[in-house]
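A.B. asks: Sharing a model that was predicted from the sequence below.
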Amino acid sequence: MANPRDYFYTKDHEWIHVKGKVCRIGITDYAQNELGDVVFVELPEQDTIVEEGEGFAVVESVKAVSDVYAPLSGKVVGINEALEDSPELVNESPFDEGWIVELEITDESQLKDLMTADEYDAFLEEV
Amino acid sequence: MQTKKPVPLIFELSSPGRRGYRYPELDVPETPMEELLPKEHLRREVPKLPEVSEIEVVRHYTGLSRLNHGVDVGFYPLGSCTMKYNPKVNEDIARLPGFSLLHPYQPEETVQGALKLMYKLQSYLTEIAGLSATTLQPAAGAHGELTGLMLMRAYHRERGEDTQRKEMLVPDSAHGTNPASAMMVNYKVREVPSDARGGVDVEALRGMVGPQTAGIMLTNPNTLGLFDENICEVAKIIHDAGGLLYYDGANANAIMGYVRPGDMGFDIVHFNLHKTFSTPHGGGGPGSGPIAVSQRLQDYLPGPLVSKRDGEYVWEYPTKSIGRVRSFFGNFGVLVRAYAYIRSHGPQGLMDVSDTAVLHANYLMRKLQDDFDLPYDRHCMHEFVLSGKRQKNQGVRTLDIAKRLLDYGVHSPTVYFPLIVEEALMVEPTETETLATLDAFVEAMKQIAIEAAEEPETVRQAPYNTPVRRLDDALAARKPVLRWTPRS
Amino acid sequence: MRYIPTTSEERQHMLDFLGVDSVEELFDAVPDRIRTEKPLPLPDALAEAQLMRHMKELSESNVSCEHLVSFLGAGSYDHLIPAVVNHITSRGEFLTAYTPYQAEISQGVLQVIFEFQTLIAELTGMDAANASMYDGATSLAEACLMACNVARRSKVLLPETLHPEWVDVVKLYMENQDISVQMIPWNRETGTMDVAALHEDAAGDAACLVIPYPNFFGVIEDVAKLSRWIHDAGGLLVTAADPVSLGLLEAPGAFGADIVVGEGQPFGNTMNFGGPGFGFFACSGSKLIRRMPGRIVGETVDTEGRRGYVLTLQTREQHIRREKATSNICSNQALNALAGAVHLSVIGPQGLKDVAYQCLQKTAYLKSQLRDIGIQAAFSGPTFREFVVQADANWDEVNKRLLDHGFLGGLPLGERFPELQHCVLLSVTEARTKDEIDRFVHALGGLC
Ligand SMILES: Cc1ncc(COP(=O)(O)O)c(C=O)c1O
């Protein structure tokens, strides 16, 4: 599955889709593949304030656990409740229906630390 | 193992009014219920236990037992678990009423035999560990770890260093209980890398210790089945930094009579009696995880211990005891079996155990080294770790190999552990298997290696001959069904 | 050697294959200076017949409850155990299996655990249970830790009416996690938690309140009231339940318990000098279930759609989450849980009710017979199968004399509870007969 060109990425294999002040966040196709069948996603509470780098969600497969780290600081304004019943969406549609959290960001300058799709593709070549 | 009919749940056999056991008639005059229990305390809904006859119960559980592999059924080379033969006579012994029908609070004079057994076992384990005193209280290996780390904290506390010594060093090859136990006493876990020979990376370790070091948790031989040649150096580094060494004794089957953890420099040792000392694992427990400690820690041990005064065995609390880690004195029934095991072996017998366990493991390792990757090419101890890397490139994962082995009537080795070996397969044959069994295992593994290369799909779809085919772990975790519920 | 099948020819064959002269060479990684030089100082090996003789001697130098008539309880009980239990738990397929890591050849143990989880959930009135814990005390300690994690608070309320050894265990576990423990005093009149002492501010920052059910003195606490009190303050209710009592007493789930733990020894397990029995652990709600310690079995299907069972929700556990696991527990008490499951299955709902009813009635009978000879119950609260009596006697001495009459007397409480200097805790199970109770009362009458 190709990495969408208009998203940003992190080294922890998360993607960020910026829509104005709100960023939608999920894990990449590469990440879901490494994890295997996702069986549970632990979501943060609405309105939680998170700092960049802080673990704020957890994606679990049968035999592995992966923390999702906030790529940016901000406030949780949306959580993907569909994952509660259908965690497999993370496997089936990692870049779309399998999104995890929406953050209202506080510091737009943090965006420039993220990777572009081209940069992430290159990064994946190395790992 | 052939495919057998699925066994219904015991609840699905239930018929209203059927009974499997009768209690004697109540023979005391009855007091009206309202005089005994206020109504609001009475249970309103009857728990839905099954209503079944005795023969149904017997057939049900007999049927279930036939779906299960055990050491009594066949080879069980589950690395790190020491699935050796569990002597039958020890089962008879543990069931003697003079042991099984003792109440833990009986007066000491009525339990001299039990106390003597515990006293002797304390001293045997102390000797095997090469240390100073032993508590039999912990219920399993992980419980021993927890107890040992509590002792470490007590030791550092008395020196005024508990608030500063907050780091527990744990090698990257360690068993999961080690870091989890450290967490249970609020230690911060720092992972120590392994070196190219599979031992602790001594240089890295040197750079990690300091006034923040509470100690290190090691097993030796480690989870790769390798004896750490630098153990004395490691012990010195930790002790010089003011830390203590914890020995995870899960692998003690390799060393009895050859080398004692105390002489390696360890301060605390747990034994898994359900591994090394052959008490049966019961499908998950009970175990027993006594810990032996050096002199400087013995006053902190949980109590009571058994001691001997004027020819009598008595309970005694260590002077600075941390308290207790469970109710009563330990899994006594397991202690009885372990004591019997040690008595039936003697010093030479225990040495033969380790010697043969090591011989068997090396034999298997060398027989299999051409068909699977061997990440550390040196003599192993009582177990060894292979890698299924080659097979992974052929499209067959280690999990598939494990499942395919089940078709041969063999339990699979431990898989995906230790974490530092890719596609790990950890094999522990134990000393109680025949050469014919070992050779048959080699044949099965070779056959699977050929299959993986030539018809990988066959391996990927395994197992075929088991009571059920491969089970869907993901479904179980996504939609947890953790109990039977009656159909409405 | 006794259990080693390898012959000397076979040894030689293996050594030749390895190209070494002796097994010694395989130990070359062990530094010389730490090698054990002398044989371990252990007694010499015994053949099976000698071993049996020796072990019989040891066991017979105890006086067990095969011969003593026991009125001692306090956490370990002499209940009747149906004969089938031992036969099932002796089956090698169960006895000699490890934790069911390879589900396809472990359906026996896995289904047993699934049934066990159901039985415990039914008994306690909770949504789910795990596969067992070491014992009741450690199960309670883990429940308190879990409550602190879920409630994100670090204080636990423990009543002094809890078994003193359980108090010790919980305190030690909490102390090592820097969680504070506040003890709740009790009422000398009723023998229950002092509800008046429960100010609102006490509960304010508590993660949980523990209710022993019935308590250490055998008395039944005012659970409904306590449940409201702790829930109003945002804490969890942890119930430490005697499973036998649940044949008669309201299920903890029904009065709002969040976690229920206990010691399962009375079902299917002999006293074994205090172990092994098994701890049980149950809770309700997916938030709590996902934080349970220990093994959990779940239902699933195989590739052909057949029902089967696997270990599940494993990401909670140490082998995956390591230092972030919910607990460090690995081995548990599976065989003892099997014994409990067989016992509960064979006695069924009516048997459970019978055994609880008989405990209650026989306890009441002993209490009234003692009252008639002037030995009074110490507390006014309702009791189940244990109660405290007081008499102006030296109970250690009395117990010695009772032994001569073949009785195992109650537990003197003075050492642990200074205010109960002349008190003893007595227990009466369904295993006691009227005749035994009458003779016990007669013997006591002559001693107090
Ligand atoms: C290396 C190692 N350490 C510790 C343990 C934990 O022992 P237990 O299961 O008795 O708690 C095990 C058992 O699986 C082990 O293999």
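C.D. replies: That came in fine, so what should we check first?

A.B. asks: Ramachandran coordinates for the residue nearest to residue C:329 when sequence neighbours are not counted?
C.D. replies: The shortest distance from residue C:329 to any non-neighbouring residue, by C-beta to C-beta, 6 or more residues apart in numbering or on different chains, is to residue C:294 (5.1 Å). (C-beta placed from N, C-alpha, C; glycine too.) Per-residue torsions, residue C:294: phi 90, psi -180 (degrees, to the nearest 10).

A.B. asks: For residue C:294, give me its contacts.
C.D. replies: Counting by C-beta atoms under 8 Å, 6 or more residues apart in numbering or on different chains, residue C:294 touches C:130, C:131, C:132, C:133, C:142, C:281, C:317, C:327, C:329, C:332.

A.B. asks: Among those residues, which one sits closest to chain B?
C.D. replies: residue C:332 (4.4 Å; C-beta to the nearest C-beta).

A.B. asks: mind listing what that closest one touches?
C.D. replies: B:140, B:284, B:285, B:286, C:131, C:132, C:133, C:134, C:278, C:294, C:295.

A.B. asks: again, only this time at 10 Å
C.D. replies: By C-beta atoms under 10 Å, 6 or more residues apart in numbering or on different chains, residue C:332 lies in contact with B:139-140, B:142, B:282-287, C:99, C:113, C:130-134, C:278-279, C:281, C:293-295.

A.B. asks: so how many other residues sit close to residue B:9?
C.D. replies: Counted by other C-beta atoms under 10 Å in any protein chain shown, the residues lying close to residue B:9 total 18.

A.B. asks: For it, which non-adjacent residue is spatially closest?
C.D. replies: Leaving aside its chain neighbours, residue B:9 sits nearest to residue B:484 (5.2 Å; criterion: C-beta to C-beta, 6+ apart).

A.B. asks: unless I'm mixing things up, the one you found is touching residue C:118, no?
C.D. replies: Yes - with contact defined as C-beta atoms under 10 Å, residue B:484 reaches residue C:118; the gap is 4.6 Å.

A.B. asks: Surely residue A:58 forms part of a strand?
C.D. replies: Yes - according to DSSP: H, G, I helix; E, B strand; the rest coil, the state of residue A:58 is that of a strand.

A.B. asks: pLDDT wise, what is the residue nearest to it when sequence neighbours are not counted at?
C.D. replies: Leaving aside its sequence neighbours, residue A:58 sits nearest to residue A:42 (C-beta to C-beta, 6+ apart; 4.1 Å). What the model reports for residue A:42 is a pLDDT of 93.

A.B. asks: Around residue A:42, count how many other residues there are.
C.D. replies: Neighbour tally, residue A:42, other C-beta under 10 Å: 20.

A.B. asks: neighbour count winner among residue B:484 and residue C:118?
C.D. replies: Shown here are residue B:484 and residue C:118; by other C-beta under 10 Å, residue C:118 has more neighbours (23 against 20).

A.B. asks: tell me which element that one falls in.
C.D. replies: Residue C:118 belongs to helix C:107-124 when assigned by DSSP states H and E.

A.B. asks: Next secondary structure after that helix?
C.D. replies: That would be, after helix C:107-124 and using DSSP H and E, strand C:128-129.

A.B. asks: Any part of that next one near chain A?
C.D. replies: No - Strand C:128-129 stays clear of chain A (C-beta under 10 Å from any C-beta of the partner chain), getting no nearer than 15.2 Å.

A.B. asks: Let me know the average pLDDT across that strand.
C.D. replies: When pLDDT is averaged along strand C:128-129, the result is 98.

A.B. asks: centroid residue for the chain?
C.D. replies: Using chain A. residue A:26 (2.4 Å; C-alpha atoms, centre = their mean).

A.B. asks: Hmm, no, I was thinking of chain C.
C.D. replies: residue C:263 (2.7 Å).

A.B. asks: Torsion angles phi and psi at it?
C.D. replies: The phi/psi pair for residue C:263 (degrees, to the nearest 10) reads phi -100, psi 120.

A.B. asks: Double-check it against residue C:281; I have them as touching.
C.D. replies: No - counting by C-beta under 10 Å, residue C:263 does not reach residue C:281; the two are 11.2 Å apart.
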